[in-house]
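# Here you go, sequence then predicted model.
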Amino acid sequence: MIKVERIVSFILFAIAFIVYAISAPSNITFWDSPEFITSSYNLQATHPPGSPFYTMLSSVVLQFFPATKAAFISCLISSFFGALAVTFLFKTTYYITTKIQVSKSKFEVKYLPFFTGITSALTLAFSNSFWVAATEAEVYTLSFALMIIMVYVMLKWENASNKKQETKLILLFALLLGIASGVHLITISIIIPLSLLFTHKKYGLSIKNIVVSLIIGCLLFFGIYFFAIQGIIKLTTVLDVWAVNSFKLSVNTGAIIMVCLLSTFFSVLLWFTHKKQKFNLHYITLACLFFLIGFSAYIMPLQRANANTQIANGVSTSNRMLQYIKGDQFGIGNIPLFKGYAYNAPLDKDTPFTKGKPIITYDANTQQYLTIDNGDYYNVNYASEFSMYFPRLFDAGNEANYKSWTTITGDPINYPVKGENKTIYKPTYKESLSFFMDYQVSWLYLRYLYWNFIGRQNNNQGLGYIKDGNWISGINSIDKSRVGDFSIMPERYKNDKSRNAYYFIPFILGLLGLFSLLKYKQYFLTTLFLFLAFGLGITLYINPVPSSILVRERDYIFIGSFVIFSLWVGLSIIPILKAFRFISSSKTRLIIISILVFIGSPVQLLAKGWNSHQRSDDTFAYDFAKAYLDACPQQTILITNGDNMTFPIWYLQEVENYRTDVRVLNFDQMSLDTHIEKLKQKIGTSNPISFNLKKDFYNNGVDKLIPLNEEIKEAALLPVLFEFFKDSTTRINWNGRLKHYIPSTKFAIPIDTIKIKKKGLNAKELNAAYFNEINWSYPKKFYGLNEIVLLNVITNNIHNRPICFAINGKSGHYLGLKNYFVQNGMVEELSPIQRKDASVNPKIVNTKAMYPYVMNTLKFEGLNDDTKFLTYENRAYVQDILRRNYYFLAQALLEEGKTEQAIKVLDKSFYLFPNKTIAYKQYAYALGKLYFRAGLHKKGSEICATAMDNIWGELQWMTSYNPPHPTINVRHAEKLKNIYLQMMKQFPGDKTTLKIYEQQYINFEPGFINWKKVNWPY
């Protein structure tokens, strides 16, 4: 007979999976999802530190479906493991409840574990962060499913009655831990809190034992991560260098030797321990072996290192594997944990640089490992006076952001900098702790916890403003000190579909559930430290800087913590039952309380979160990526930057085989030698790119910053500059190291106008003229390797292939060349064309090609439907990118006298992106002004007035009280005020309306000045 527990588990799995499948996008979304789909489809390495087990598992599943379904099936894979995680949380809660319930009522004994387990499981299922993760093609649901299964296995181990059962469960745990490490390395930290269960069973949980257990758990974590994983890979590298350089064996022979050594070692040790009946050592050896078997998924990136795709990370050697796992690409190894330097620390006056470790890399041409850098003067050495314990304010690039989150005045220290005595204000420990609490704990962790169990203001990216991404409770008297009075908020913020208030109910239930475990130390401490390890523990370990949220929200990294809180929510039924003993019937009491808790948590989360999680119709990322490719001529080299502007395009090319003639170069990755080498290959139908930098200039391990040493005032001819780089004798001594340098801040690319006219644009149609040189100024103190590589690509290919830059709201990838851009749709094409007439708009738009593209090719459906939920990214990209493109096209058409076409462009932009779904702001205002130029004054006036009202509403809200994070909010209010003033000056409507706006501002200004004085901390 099938146990009722199994039936309930299956039903919970089915409910969660069906909800996720209904909610999941049918196509790609932004962020890492397109990369994971593409990597799984082609079986290749994802970005560091990788998730090879997830990739291989997904790859197997995707083989059974057509390419057009890859995105949806990948989302369903996440949904499957999300539902599996929900099921095992039910089992875990059920198990704990059976161990801690003390009721003598048969009904409670039988049904209480079901009620607690179901409540916990569905609370997790419908919590905001987990629901999103379970509908995206990401690794997180698989990672946390494995985490919950490991917790469940250890709970079963803790209650195992015989040695055989204990051994089986420990070995299963070791295997699962290895597999989980091949999904997400952070899962290894589970070993710390679970050490408490081991200690409880073997020795008991005295205070001394608890402390010792946690210390040993931490040592095990660092031991596994740094010695077992990284140590084996380091040793493999040593063996490989020895085998390749000494015996001329093929690369990765060291890996084969290491596998043989490990196999021999474990075989001998297992034989010896079995023969000598050293059973404990035997089982420890087996556990280590099982872990390594699970972790062996990391062999896959080595096997697939030469995959001929644009997206693959070239993990071709064990040396590269070590850099890959350590995340060297992202500078993870440079983040201080226990001791470091303040962000404004100067170099040590006596020894500014110290010797580092030699850097080696494998060279395919010589088939040898070469020393790229001997390490002399490699490590930066800061003044010891600026050293700090527990360094939270450490990153020089985030100085302004640090000061936005925490008022920093610092302690003055006089120190010589370049021979001149300077007073530098070192942040105090109090300021460092203030930043830790205000940003790292409160904003970057607790805010996410509260989102899931107290309420969320909206799904806008939270950068500290009162209007975006805060937690709310729904109780105005509590919320108004943080986000302002509800009555003052603009209507679109009040009615946002992602505004979900839970009135503290799930949060209070979770705390009650935690306290229900107080008498059961092993469960109380284990769940508490699991919660802390995957919450504050991650915060401590990654030591996040403020710029980390300038990219995207990071709530997904803390889901492990939310899993445990959901468990506590279910357990809250137990203390509430005790409090309601006055209800004599135990059956009635349990049913009533369970229903109330169920409604207060999972039902409330489901009902309120339903709208904001429905993304089955969301095709925006797909349409957005396709729009870039459709704008490109044949064999274009398309320059992008950022994951969101690159991964969706790569998905279209690599999975759906769409426009593979376009070569997409991610500017952010053009400092990686593996991506640079791919320039020389034919990928898809895209021809190899002409490129003539020598390998030793960009080899793995070389310095990626080239300093300016200005020697000439005239422009440096780029073909000459690249020959200059090939000569090793032209390097200069830069802080003890010989380095290439840039001799000028001006650059020039010679142009063969006859050749380029044959494949280029018609200058006369564009009211412009060709030039025989692209000449521009691009001053910087240091030039990145990616900039030099891109300049080389441009110089060597401009005569033969179109070179386009993605319009994405950023300009870092433009390299200062925008004066030579011709806009065509979503891209700017680089061309030696400019307008000579100073009275004519210098902005050139190819209206002949762009008009049919905008009117007929672009497909952005559903963004005008206010019954559907729109993500923040979709709205932000419309406001900052798409409206801008419609504006420049309509403006250019008006300048050409094509008024009717201009009006059609304007009408279409406002039809596709109306104010009711995507608020009118700066570019909508600019589009409204164009209606005036086209003779439609009423339309223009309405749009401009709406845009001004939107800005005014936000400004009124922000200045209605003294907000938290005053530096951030005062700056934003100042920005809004300036936008409003600019709009007033440019207002094209009637004077009566303008006077109303002017008087409104005159009345507002004195209060604003006083508000700013009160809130500005510096």
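Thanks, I have it. Numbering: from 1, shown residues only.

# going forward, measure contacts and count neighbours with C-alpha atoms only.
Will do.

# Checking my notes, Y415 in a helix, right?
No: counting by DSSP: H, G, I helix; E, B strand; the rest coil, Y415 is not part of a helix but strand.

# if I pick it, what's in contact with it?
421-424 (C-alpha atoms under 8 Å, 6 or more residues apart in numbering).

# Please tell me I have it right and S594 contacts P113.
No: counting by C-alpha atoms under 8 Å, S594 sits too far from P113 to count as a contact (10.9 Å).

# What is the burial count for Y402?
When neighbours are defined as other C-alpha atoms under 10 Å, Y402 has 24 of them.

# Check which helices and strands the helix or strand harbouring it sits against.
Per DSSP states H and E: Y402 is located in helix 399-405. Applying 3 or more C-alpha pairs under 8 Å, 6 or more residues apart in numbering; DSSP states H and E, one finds that helix 399-405 contacts helix 966-986.

# Buried residues, the host helix or strand of I478. List them.
I478 belongs to helix 476-483 when assigned by DSSP H and E. By neighbour count with 16 or more other C-alpha atoms under 10 Å, helix 476-483 contains the buried residues 479-480, 482-483.

# quick one: which of the residues you listed is nearest Y493?
V483 (11.1 Å; C-alpha to C-alpha).

# How about that closest one, nearest residue that isn't a chain neighbour?
Spatially, and ignoring its direct neighbours in sequence, V483 is nearest to I466 (4.9 Å; C-alpha to C-alpha, 6 or more residues apart in numbering).

# go on, T371?
I360 (4.4 Å).

# if I've got this straight, that neighbour is in a strand?
Yes: assessed with three-state DSSP, I360 lies in a strand.

# Could you pull up the residues touching it?
So I360 contacts 369-373, 701 (C-alpha under 8 Å, 6+ apart).

# L270 too?
By C-alpha under 8 Å, 6+ apart, the contact set of L270 is 282, 285-286.

# if you set the cut-off to 10 Å instead, what comes out?
The contact partners of L270, by C-alpha atoms under 10 Å, 6 or more residues apart in numbering, come to 264, 276, 278-279, 281-286, 289.

# Can you tell me which of these is nearest V109?
Of all the contacts of L270, V109 sits closest to Y283, with 36.8 Å by C-alpha to C-alpha.

# burial of the closest one, as a residue count?
Y283: 18 surrounding residues under other C-alpha under 10 Å.

# Quick one: low-confidence residue ranges for the chain.
For the chain, the stretches with pLDDT under 70 are 1-2, 312, 549-550.

# max-length helix in it?
helix 70-100 (DSSP state H).

# Now it: buried residues?
Quick answer for helix 70-100 (16+ other C-alpha under 10 Å): 70-97, 100.

# After it, which helix or strand is next?
Downstream of helix 70-100, the next assigned helix or strand under DSSP H and E is helix 106-126.

# how far does stretch 628-637 stretch from start to finish?
One end of stretch 628-637 sits 12 Å from the other (C-alpha to C-alpha, to the nearest Å).

# And stretch 543-555, by the same measure?
Start-to-end span of stretch 543-555 (C-alpha to C-alpha) is 15 Å.

# Now find how far off-centre that stretch is within its chain.
8 Å (C-alpha atoms, centre = their mean, to the nearest Å).

# Could you shift the numbering so residue one becomes 875, and keep it that way?
I'll keep to 875 as the first residue from here, and by that count the last item is stretch 1417-1429.

# how about that stretch: buried residues?
Buried-residue list, stretch 1417-1429, by 16+ other C-alpha under 10 Å: 1417-1420, 1423, 1427, 1429.

# Identify, from those, the entry nearest to M1858.
Nearest to M1858 among the buried residues of stretch 1417-1429 is I1423, at 32.7 Å by C-alpha to C-alpha.

# Distance to I902 added to the buried residues of helix 1350-1357, as TSV?
Output for the buried residues of helix 1350-1357, formatted as TSV (distance: C-alpha to C-alpha, whole Å):
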residue	distance to I902
D1353	35
K1354	37
R1356	35
V1357	33
